[in-house]
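Engineer: sequence? don't have it. structure:
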């Protein structure tokens, strides 16, 4: 159609501007080409299903945290003791076979950055306990920690003792 300067009420327009759609399609082809680059192959599924990754250790969580340790070591010149990521950062599984950049961006859609901290063992334990507070109860939360460099065991028969909520946060001590 002929372009006009008429206002259209939100939700009333259901057409497609062919010139704009052509630009969108061209950009999408370029993006798809870049995202379809093969980065690696895997001989088995990397588990990132929400119910799995938010309730237990998974091979994808391990890989993610191992990569964090590697990345941190490249920057600071020594390997940190451990790595920890909240499982809510993992959004999908990767099936057996070719792994593309699109797969990686689907699994990790957020612009997270590796941050190296010096903390005490008590602080690390507190973070793990807070992240595991719903284990053994209804529902799973994205705070469950995926880790590398450490192991922990959850005693789900002992209830989490929620302390005061941290300032500007939804998490409690």
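Structural biologist: Nice, thanks for sending it over. Everything quoted here is computed from the prediction, not taken from an experiment.

Engineer: in this protein, what spans have low per-residue confidence?
Structural biologist: 1-3, 136-139, 170-173 (pLDDT under 70).

Engineer: Do a quick rundown of the helices in it.
Structural biologist: 18-35, 50-53, 59-76, 101-107, 121-131 (DSSP state H).

Engineer: what sits up against the third one?
Structural biologist: Helix 59-76 has contacts (C-beta atoms under 8 Å, 6 or more residues apart in numbering) with 44, 46-48, 53, 79-80, 82-85, 87, 89-90, 93-94, 107-108, 114, 116, 146-149. (C-beta placed from N, C-alpha, C; glycine too.)

Engineer: Could I get the helices of the chain in TSV, plus columns for distance to residue 10 and mean neighbour count?
Structural biologist: Putting these into TSV (distance: least, C-beta to C-beta, whole Å; neighbours: other C-beta atoms under 10 Å) gives the following:
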stretch	distance to residue 10	mean neighbour count
helix 18-35	17	10
helix 50-53	33	17
helix 59-76	40	17
helix 101-107	30	16
helix 121-131	41	15
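
Engineer: Would you mind putting these into JSON lines with distance to residue 158 alongside?
Structural biologist: Shown next, in JSON lines, are these (distance: least, C-beta to C-beta, whole Å):
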{"stretch": "helix 18-35", "distance to residue 158": "45"}
{"stretch": "helix 50-53", "distance to residue 158": "23"}
{"stretch": "helix 59-76", "distance to residue 158": "23"}
{"stretch": "helix 101-107", "distance to residue 158": "32"}
{"stretch": "helix 121-131", "distance to residue 158": "10"}
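
Engineer: for these, which one sits closest to residue 159?
Structural biologist: helix 121-131 (10.9 Å; C-beta to C-beta).

Engineer: Show me what that closest one packs onto, helices and strands only.
Structural biologist: strand 83-86, strand 145-148 (3 or more C-beta pairs under 8 Å, 6 or more residues apart in numbering; DSSP states H and E).

Engineer: mind giving me CSV with those strands and columns for distance to residue 157?
Structural biologist: What follows is those, written out as CSV (distance: least, C-beta to C-beta, whole Å):
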stretch, distance to residue 157
strand 83-86, 24
strand 145-148, 20
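
Engineer: Could you say which of these is packed most deeply?
Structural biologist: strand 145-148 (a mean of 22; mean count of other C-beta atoms under 10 Å).

Engineer: Mind giving me the packing neighbours of that one?
Structural biologist: So strand 145-148, by 3+ C-beta pairs under 8 Å, 6+ apart, packs with helix 59-76, strand 83-86, helix 121-131.

Engineer: Appreciated, that's everything.
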